[in-house]
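Colleague: Predicted model follows, preceded by the sequence.
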Amino acid sequence: MEGSSIRTLEKIYTFCGANYGKDESYVKAANGLGEVLGKRGINLIYRGRSLGLLGCVSIATAVHGRRVLGIIVSTFIEKNLIGKTCGKELKVVTMHERLLKMMEFGDAFIALPGGFGTLEELFQIIML
C-alpha cells in the first residue's frame, strides 16, 4: 500500500502471573511465547520475576537467543519477594515508574494468564 508503513516489533512487554496457574496449558503457552519471540528475533521486557509464568516466558526467550529485561520495583528486591531475574534488570522506585518504563521500552504488549496484578497492569496500559 502506498504511504503505509509497517512497524517492526523489536521488544514486547509481557504481562502474566508469578504462579503457574491451575492448568498446565498456561505453562505451555508461556514457554511457547518465549520460543516464538526468540525465533522471530523479538526481545522480551517483563516485570522481572523468575517465578511462575513470568519465569517460563523469560527463560524460554533467553534460551532461544533473545535479550530479556526485567523492570523491577526496588522494594520487591529489598524484601526478596521476586526470585532471580532472567536477563538484565532495570530497577525503579515505584510501580508508576515501572509503568512509564514499560511504555517507553515496549513496542507491543501481550497478556498471558495471571491474577489481579496482571489485570491491573494491563488495564493501566490500555487506559494510557
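Modeller: Structure received.

Colleague: Just the pLDDT for residue 87.
Modeller: In this model, residue 87 is scored at 85, pLDDT.

Colleague: now the most centrally placed residue in the chain: how far from residue 38?
Modeller: The geometric centre of the chain, computed from its C-alpha atoms, lies nearest to residue 46 (CA atoms, centre = their mean), at 2.5 Å. Going from residue 46 to residue 38 by CB to CB, to the nearest Å gives 14 Å. Quick note: C-beta positions are derived from backbone N, CA and C, even for glycine.

Colleague: For the residue lying closest to the residue nearest to the centre of the chain once chain neighbours are set aside, grab the count of nearby residues.
Modeller: Counting by CB to CB, 6 or more residues apart in numbering, the nearest residue to residue 46 once its immediate chain neighbours are dropped is residue 14, at 5.0 Å. Using other CB atoms under 10 Å, residue 14 has 25 neighbouring residues.

Colleague: quick one: low-confidence ranges for this protein?
Modeller: When residues are selected by pLDDT under 70, those of the chain lie in 1-5, 76-83.

Colleague: That one: helices as residue ranges?
Modeller: Assigned by DSSP state H, the helices in the chain fall at 24-39, 52-63, 74-78, 95-105, 116-127.

Colleague: list the buried ones in the first one?
Modeller: In this case it means helix 24-39. Within helix 24-39, the residues that count as buried by 16 or more other CB atoms under 10 Å are 26-27, 29-31, 33-34, 37-38.

Colleague: and the closest residue to residue 88 other than its chain neighbours, how many neighbours?
Modeller: With sequence-adjacent residues excluded and distances taken as CB to CB, 6+ apart, residue 88 is closest to residue 69, at 5.2 Å. Residues lying near residue 69 (other CB under 10 Å) number 22.

Colleague: What of residue 103?
Modeller: For residue 103, the count of nearby residues is 13 (other CB under 10 Å).

Colleague: Could you find the closest non-adjacent residue to it?
Modeller: Nearest non-adjacent residue to residue 103, counting by CB to CB, 6+ apart: residue 128, 6.3 Å away.

Colleague: The closest residue to residue 58 other than its chain neighbours: neighbouring residues, count only.
Modeller: Computed as CB to CB, 6+ apart, the closest residue to residue 58 that is not its neighbour in sequence is residue 86, at 4.0 Å. The local packing of residue 86 (other CB under 10 Å) involves 25 other residues.
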